[in-house]
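Here is my input, please return the structure:
(2 chains)
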Amino acid sequence: MHLLVMIVFAALVSVVFAAITNEADSTRTRAIYGLKTFGYFVGVGLVLSWVIYFIPF
Amino acid sequence: MTDSTHIEQKLAPVAVSKQAVACLAGWLIPGAGHAVLGRYGRAILIFTSITLMAVLGLAMHGHLYAPGELDTLFAFKDVLSKVYLVGQMGMGVMHPVLRVLKVGVEFQYKQPTYEYGTHFLVVAGLLNFLAVFDAFDIAKGRKA
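Sure, this is the predicted structure:
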């Protein structure tokens, strides 16, 4: 459930970020920016969750 | 029409009244600001994402805060709720309409997905603020 919600959240936010970015000048670069943002969201989320998992307090 | 002329036309600022209309429309209805400026593709993406995020937030028992709501939570002053309220107000007309329809009014903090839902609703509003700023930049001719 947690992972699913995180993925849905990352996907929706990435779509809006891709739509409003000024780092893209075509639909293709916009789509790549959105995919990269989605990957960062999910990747950083997973890394942080594992880091927190090992913290004993 | 050459490509450079096309780009110059897209980067030209629009009239001040249209800038105001784009920002106001964008705040009231997510994506409407981009639609006013002729960016229909982006308008659809923004509207769909933000609306879906709000719907999912409500489906997860998120709470919609209101300005007149008591600012106490478990006998503590709940300052954070005012911050959440400002974020959720970014959803524009959706926020008061849903409150009037009694959707998201109940404070269902015992539901396991309550926190997720409330944060989805706050982020939906914050994303719309970003979309309004983007529409303003486009209207000013700062970006295509």
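
Residue 43: how many residues sit nearby?
Going with chain A. 11 (other C-beta atoms under 10 Å in any protein chain shown). Every residue, glycine included, has its C-beta placed from N, CA and C.

right idea, wrong chain: chain B
Around residue B:43 there are 24 residues (other C-beta under 10 Å).

Which secondary structure elements does the longest helix seen in chain A sit against?
Of all segments of type helix in chain A, defined using DSSP state H, the longest is helix A:27-54. With contacts taken as 3 or more C-beta pairs under 8 Å, 6 or more residues apart in numbering or on different chains; DSSP states H and E, helix A:27-54 sits against helix A:2-20.

Which pLDDT value goes with the closest residue to chain B within chain A?
In chain A, the residue that lies nearest chain B is residue A:20 (3.9 Å; C-beta to the nearest C-beta). Model confidence at residue A:20, expressed as pLDDT, equals 94.

Could you do residue B:81 as well?
For residue B:81, pLDDT reads 81.

Give me the distance from stretch A:28-48 to the chain's centre.
Here the centre of stretch A:28-48 is set off from its chain's centre by 4 Å, with C-alpha atoms, centre = their mean, to the nearest Å.

ok, and what's touching it?
With contact meaning C-beta atoms under 8 Å, 6 or more residues apart in numbering or on different chains, stretch A:28-48 is reached by A:6-7, A:9-11, A:13-15, A:17-19, A:21, A:23-24.

Pull out the buried residues from these.
A:6, A:9-11, A:13-15, A:17-19, A:24 (16 or more other C-beta atoms under 10 Å in any protein chain shown).

Quick one: which of those has the lowest pLDDT value?
residue A:24 (79).

Contacts only, for that one.
Here residue A:24 is in contact with A:18, A:30, A:32-33 (C-beta under 8 Å, 6+ apart).

which among these end up buried?
A:18, A:30, A:33.

where's the last one relative to residue B:67, distance?
To tie it back to what came earlier, the one meant is residue A:33. Noted for residue A:33: a distance of 36 Å to residue B:67, by C-beta to C-beta, to the nearest Å.

next one: the first one
When C-beta to C-beta is applied, the distance between residue A:18 and residue B:67 equals 33 Å.
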